[in-house]
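1. pasting the structure only:
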Ligand code: FES
Ligand SMILES: [Fe+2]
């Protein structure tokens, strides 16, 4: 048992339950008691390419092994998306049962489609992220079209950032 | 999430480790200048990058940083006598100069050249501003002296404090990069803290609680821009630079001094937060320095060994009433302890395979990636960035820009530190 005769501010303490009842429990030994169980991967991330070069990038990412991530490309006006290795689907359907959309742009084309995704994401509370893959360029149409619609942007992003982002967020 | 092997690779900076090799390409803060206040003052133990060292200041004011243990029989030189141009081991009287060279071995005959062959490993240490920086790497790869603006301004324009943080350095660094926690964890401090309150920027902060983020790659690291709505057609940007490997700066508020941090590994389980406040164009006022000493702003109230008075032994003086009233979002007093209490609670090295990162963590994801790449590149013989003047002469910025502008281009030269140039702040 740890020594608990020091004062804990903030009023009476609840049941003194040994070392873990205090911030002193932040040791490597105590960290080992962090319980272990499978984390659900319920993100259902949608990755959307906004132009041809972006499509090439997401296609190569799509070859890797993912939990529930799905990969699409879109063109104006953005009512329909083509799934990589699959068929065409309406935007409304693609944006169902997802909580994260990652948009990839290299050229700034298809601004209407970006806005269509952004508006629907706002309405449905879907998190949006954007990768502006414009090597060496800080200013681009791709940036300005994505800016109102992506909560977080990587500028300029590298191709590999897509894979890193998806891995880190367990997509 | 992050694989366990990469987590350990990034977090552990001891001698011979990949991240340790990277850290040994940079000058790092190792002491506050106040810890060696005068010639022949008591020596100070330093543990940094998992190396145990002793620091002292000799009779001529030269600084020494060397192996803590006497070459003779391994006594800690902390017990030593700092006298007449060297540090003398109290056991058998062997004496060393600031380069670690033995200059006297009293048990040997007077004419003996024995001591010429006895040298403790030592490292260069220099005073910049109110901090002592040391370089623990290969002398052949030693970079130029540090050029951080905070440590090139005239005396009286900078104040640095340090505090022990009882967790791995990477957790602390990630807090400095993670701009999305500020609205929550530190939300209560904008109005109350004397070192933040009263700026126009605070209004924008409060007016838009859901900032957008842009993470911009830079040569020296990253620029993390948090964007909020300002007047019609304009955005209020707060831009946080991260410079490899462990330097972050907080965007300024009004004419308050600007603050930032170095997150310096002590060992695998602990780090020092070196926290500075400086003003590029004026002296800090007495009131500001008093507030900093009292632990306001990014500083903390500490004991004599720089451990915060609110620490894990006393549950960081958690105040549930204040938490309930909303004065302190977490119930912990002060920005520094709000951060470190939570980062320490993760454990000495958090298991990053269990994380549930979200898209707004992209800055952290990118920073880890850049660190990893720098480590790998160094293994292939490619020198890192972040240790050159051009990377270090960076400023954090708070600015209102037209909506259709890249924040980096909109800020332009305002991000480059130059002597006596006013900083860009809102
Ligand atoms: S909400 Fe971020 S760590 Fe809990
Ligand atoms: Fe913080």
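-> All right, it came through fine. Quick caveat, the model's predicted, so the values are computed rather than measured. Ligands and ions are numbered 1, 2, ... in the order given.
2. Would you check that my belief about residue B:64 contacting residue B:97 is correct?
-> Yes - with contacts defined as C-beta atoms under 8 Å, residue B:64 counts as touching residue B:97 at a distance of 7.1 Å. Just so you know, the C-beta spots here come from the backbone N, C-alpha and C atoms, and that holds for glycine as well.
3. Show me which of these two is the more surrounded one.
-> residue B:64 (26 against 19; other C-beta atoms under 10 Å in any protein chain shown).
4. Off-centre distance for whichever strand or helix holds residue B:321?
-> Under DSSP states H and E, the secondary-structure element containing residue B:321 is helix B:320-325. In terms of C-alpha atoms, centre = their mean, to the nearest Å, the centre of helix B:320-325 is found 31 Å from the chain centre.
5. mind listing what's buried in it?
-> The neighbour-count check on helix B:320-325 (16 or more other C-beta atoms under 10 Å in any protein chain shown) flags B:322, B:323 as buried.
6. Provide the contact partners of whichever helix or strand comes after it at residue level.
-> Note on helix B:320-325: by DSSP H and E, the next helix or strand toward the C-terminus is helix B:335-345. Here helix B:335-345 makes contact (C-beta atoms under 8 Å, 6 or more residues apart in numbering or on different chains) with A:23, A:26, B:163, B:165-167, B:171-172, B:175, B:185-186, B:189, B:193, B:273, B:275, B:295, B:297-300, B:308, B:310, B:312, B:316, B:328-330, B:332.
7. Does chain A have contacts with the following helix or strand past helix B:335-345?
-> Once the chain leaves helix B:335-345, the next helix or strand it forms, by DSSP H and E, is helix B:362-379. Yes - using C-beta under 8 Å from any C-beta of the partner chain, helix B:362-379 reaches chain A at B:362, B:363, B:365, B:366, B:368, B:369.
8. of all of chain B, which residue lies closest to chain A?
-> In chain B, the residue that lies nearest chain A is residue B:347 (3.3 Å; C-beta to the nearest C-beta).
9. I'd guessed that residue sits against residue A:33; true?
-> No - with contact defined as C-beta under 8 Å, residue B:347 does not reach residue A:33; the gap is 10.1 Å.
10. Tell me which of those two has more neighbours.
-> Shown here are residue B:347 and residue A:33; by other C-beta under 10 Å, residue B:347 has more neighbours (22 against 10).
11. Got the phi and psi for the more buried one?
-> Backbone torsions of residue B:347, given as degrees, to the nearest 10, read phi 100, psi 160.
12. Show the pLDDT at it.
-> pLDDT recorded at residue B:347 is 94.
13. now the one 10 residues further on
-> In this model, residue B:357 is scored at 93, pLDDT.
14. residue contacts, it?
-> A:168, A:169, A:170, B:1, B:364, B:365.
15. What is the three-state secondary structure of residue B:391?
-> Here residue B:391 is recorded as helix under DSSP: H, G, I helix; E, B strand; the rest coil.
16. Kindly provide the distance from the residue lying closest to it once chain neighbours are set aside to residue B:416.
-> Take residue B:391 and drop its neighbours on the chain: the residue closest to it by C-beta to C-beta, 6 or more residues apart in numbering or on different chains is residue B:220, 3.0 Å away. Applying C-beta to C-beta, to the nearest Å, the value for residue B:220 to residue B:416 is 12 Å.
17. For these two, work out which one has more neighbours and name it.
-> A direct count of neighbours by other C-beta under 10 Å for residue B:220 and residue B:416 places residue B:220 higher, at 21 against 13.
18. What is the burial count for the closest residue to residue B:369 other than its chain neighbours?
-> What sits nearest to residue B:369 in space, not counting adjacent residues and going by C-beta to C-beta, 6+ apart, is residue A:164, at 5.4 Å. Residue A:164 has 18 neighbouring residues, counting by other C-beta under 10 Å.
19. Next up, the contacts around residue A:164.
-> Contacts of residue A:164 by C-beta under 8 Å, 6+ apart are B:365, B:366, B:369.
20. Now for these, which sits with the most neighbours around it?
-> Neighbour max across the contacts of residue A:164 (other C-beta under 10 Å) = residue B:366, 25 neighbours.
21. Now that one. Nearest residue, chain neighbours left out?
-> Nearest to residue B:366 is residue B:215, by C-beta to C-beta, 6+ apart, at 5.6 Å.
22. Look up how far residue B:221 lies from that neighbour.
-> In terms of C-beta to C-beta, residue B:215 sits 11 Å off from residue B:221.
23. For residue 140, the count of nearby residues, please.
-> As the question left the chain open, I've gone with chain A. 19.
24. wrong chain, I was asking about chain B
-> There are 5 residues near residue B:140, going by other C-beta under 10 Å.
25. again with residue B:142
-> Residues near residue B:142, counting by other C-beta under 10 Å: 14.
26. wait, what's in contact with the closest residue to it other than its chain neighbours?
-> Leaving aside its sequence neighbours, residue B:142 sits nearest to residue B:135 (C-beta to C-beta, 6+ apart; 5.6 Å). Residue B:135 is in contact with B:24, B:26, B:27, B:28, B:123, B:124, B:125, B:142, B:143, counting by C-beta under 8 Å, 6+ apart.
27. All set now, cheers.
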